[in-house]
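Enquirer: attaching a predicted model along with its sequence, questions to come.
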Amino acid sequence: MKNLKYILFFFLFDILVLTACSTKTASYTYNTNSIKHPEDLYITQTTYYSDRVEIDFNYKYSMDYFTFGTPGVSDSKFVTNKKTLIITTDSPLLITSLNVYNDYMQAEYRYLNSDKYACIYRYWADDLGWLEDEGDKDRFYTDEEKKQIKEIQDELAERRKFAEIEDEEVFQILKGKWVADNGEYFDIFEHEDHHGFLHYMPNVKGGFEEWPYITMYKVDEAAGKYGMNYSEGWGVNVDYDVILSEDHNSFIYETNTFYRADEDLWADVDIRYIHPIQILFENSDIWDFTEEEADDVSDEDDLNVTDTDDVPDENDPNEMSSDSDVKTVAEGIKYAVTDLDDNGCPEIIVSGHTGDEQIGYSYIYEVKEDGTIKPINSNSLKDRAFLEYPPNLYLTDSCERVSTPEGYKYVVYASADQGYDVFLKKNYLLSIQYDSAVIEKDNSADLPGYHDTVNFFWFDDITLENMAESIRVFTDIEEIE
């Protein structure tokens, strides 16, 4: 405490000595109403002495948070006393300008030795960097500076015009969806008034990097080398250089080759699904039930029965085990591509019915993140030991979807012919949980989550076109009014 008193004493003593040993030479008071300046930082008076300059600010916070500079005067030393900046120097009359700055604002003051100073200032925005200068630019700059600024602006405008032309040319070459064999992809698109791209890398947690403001340019056009640049706003630029093939159907980025997705086939399909759906199509033998295979196991006794009354226990390996290899679908086999759990990994639903009662039986297979195809435990969709009448998914063209804490749940129904034109119909909630298809009683009306409508596109001819259309239809969500 005693040390603090000494420090304050000597600080005040220095100021008194400075005041007593110097002569006041000039003073300027400003009408701040006629001066453009930062709203929370402006000068009210500048006083010149033989050995220093005192500048009075109107500022509601401490002046200690700022750094100061005096253009043209290198020996200035700065001390703040409340709202007053004291500048000691051998040449006080040469101080007619002052720079004040910190991490979020920069202000420059000129003509302090007049009745009306001029000021320009700028603010920092985390996502954009330093914003455009504000203030009285016309009074601040000299005629020679204005001329130089105009020449620089004209040159930048010409460069910008050339860059915009080049940007559009490269965009037209690279636009579209590009997918690598490992599931990595680029989606290069146009959104409103700017270009953008989305880059996805499966081995990066979070996966997505969406950058809506980018510049595209030619690196070496003869070698097919083009670039995409993104500025993060902190003075850090990120460059993506790619080498395009001669036919423009693939490019190399780093060590991966990306192939252009067929625009007609995949135009309205979420790019996340392109590669896994291609995997499903190329390995359709895993999930494609021919009617001959189905007839061989159409008898009800061949069913793999698991009595599951609720959500499977993820800690119980018996409940979490995958489907049996036994496949029981007798007639009317249909297929649909979905993403029931909305995890970006599409499923293929194989659905049909057996016998005269039109009882539904369904199987679900999912493409995992590592590119393998695994069966979802579908016992609840085909075992009559669990449900007397499993849901007729192949008859479901659209259904209500409910968002719940456990994930999305879908209102599906079972229908069975009882004879004499009598049909039984019953609703259920279907969801995918812990790699199992879970069936629950329909209590959707009581669930508080968001409700909307999804559609299904069923097909029996296994083609890439049908599979792409199926996922497109499923992801085209309709709001419930």
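Expert: Structure's in. What do you need?
Enquirer: kindly export stretch 95-115 (C-alpha atoms) in CSV.
Expert: In CSV, the C-alpha atoms belonging to stretch 95-115 read as follows (Å, rounded to 0.1, in the frame of the first residue of the first chain):
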residue,chain,number,x,y,z
ILE,A,95,2.1,17.3,-33.6
THR,A,96,-0.9,18.1,-35.8
SER,A,97,-2.1,14.5,-36.3
LEU,A,98,-2.8,11.6,-33.9
ASN,A,99,-3.5,7.9,-34.4
VAL,A,100,-5.5,6.0,-31.8
TYR,A,101,-6.1,2.3,-32.0
ASN,A,102,-6.9,-0.9,-30.2
ASP,A,103,-8.0,-4.4,-31.3
TYR,A,104,-11.5,-3.4,-32.5
MET,A,105,-11.1,0.3,-33.6
GLN,A,106,-8.7,2.5,-35.4
ALA,A,107,-9.1,6.3,-35.6
GLU,A,108,-6.9,8.9,-37.3
TYR,A,109,-7.1,12.7,-36.4
ARG,A,110,-5.7,15.5,-38.5
TYR,A,111,-5.5,19.3,-38.3
LEU,A,112,-5.5,19.4,-34.5
ASN,A,113,-3.9,22.9,-34.7
SER,A,114,-7.1,24.3,-36.2
ASP,A,115,-10.6,25.0,-35.0
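Enquirer: avg pLDDT for that stretch?
Expert: Average pLDDT, stretch 95-115: 94.
Enquirer: likewise for stretch 237-251?
Expert: Rounded mean pLDDT across stretch 237-251 is 90.
Enquirer: buried sites along it?
Expert: For stretch 237-251, a neighbour-count test (16 or more other Cβ atoms under 10 Å) marks 240-242, 244, 250-251 as buried. Backbone N, C-alpha and C define where each C-beta goes, glycine included.
Enquirer: and of those, the nearest to Asp452?
Expert: Closest approach between those and Asp452, by Cβ to Cβ: Tyr240, at 35.8 Å.
Enquirer: once you drop chain neighbours, what's closest to that closest one?
Expert: Met228 (4.4 Å; Cβ to Cβ, 6 or more residues apart in numbering).
Enquirer: for the one you found, list the residues it contacts.
Expert: Neighbour list for Met228: 174, 188, 197, 214-216, 239-240, 242 [criterion: Cβ atoms under 8 Å, 6 or more residues apart in numbering].
Enquirer: if you set the cut-off to 6 Å instead, what comes out?
Expert: Taking Cβ atoms under 6 Å, 6 or more residues apart in numbering, we find Met228 in contact with 214, 216, 240.
Enquirer: next structured bit after the helix or strand containing it?
Expert: Assigned by DSSP states H and E, Met228 belongs to strand 225-231. From strand 225-231 onward toward the C-terminus, using DSSP H and E, the following helix or strand is strand 237-244.
Enquirer: what pairs with that next one, parallel or antiparallel?
Expert: Looking at strand 237-244 with DSSP bridges, its partner strands are strand 225-231 (antiparallel), strand 250-253 (antiparallel).
Enquirer: so which of these gets nearest Leu430?
Expert: With Cβ to Cβ as the criterion, Leu430 lies closest to strand 250-253 of the strands paired with strand 237-244, at 39.8 Å.
Enquirer: can you name the element that comes right after that closest one?
Expert: Helices and strands here follow DSSP H and E; after strand 250-253, the next one along the chain is strand 256-260.
Enquirer: got the angle for that following strand vs strand 237-244?
Expert: Angle of strand 256-260 versus strand 237-244, following axes from the mean of the first three to the mean of the last three Cα atoms, to 10 degrees, is 70 degrees.
Enquirer: could you pull out the helices for the stretch 351-481 of the chain?
Expert: Assigned by DSSP state H, counting those that start in this stretch, the stretch 351-481 of the chain shows helices spanning 464-475.
Enquirer: point out where it drops to low pLDDT.
Expert: Within the stretch 351-481 of the chain, the ranges that satisfy pLDDT under 70 run 354-358, 383-386, 415-424, 481.
Enquirer: switch the cut-off to 90
Expert: Where the stretch 351-481 of the chain drops to pLDDT under 90, the residues are 352-362, 369-370, 378-396, 404-406, 412-428, 439-451, 477-481.
Enquirer: would you mark the buried spots in the longest helix along the chain?
Expert: When the chain is parsed with DSSP state H, its longest helix is helix 143-174. Within helix 143-174, the residues that qualify as buried by neighbour count (16+ other Cβ under 10 Å) are 166-167, 170-171, 173-174.
Enquirer: check stretch 273-288 too.
Expert: Judged by neighbour count (16+ other Cβ under 10 Å), stretch 273-288 contains these buried residues: 273-281, 287.
Enquirer: for stretch 225-241, measure first residue to last.
Expert: 7 Å (Cα to Cα, to the nearest Å).
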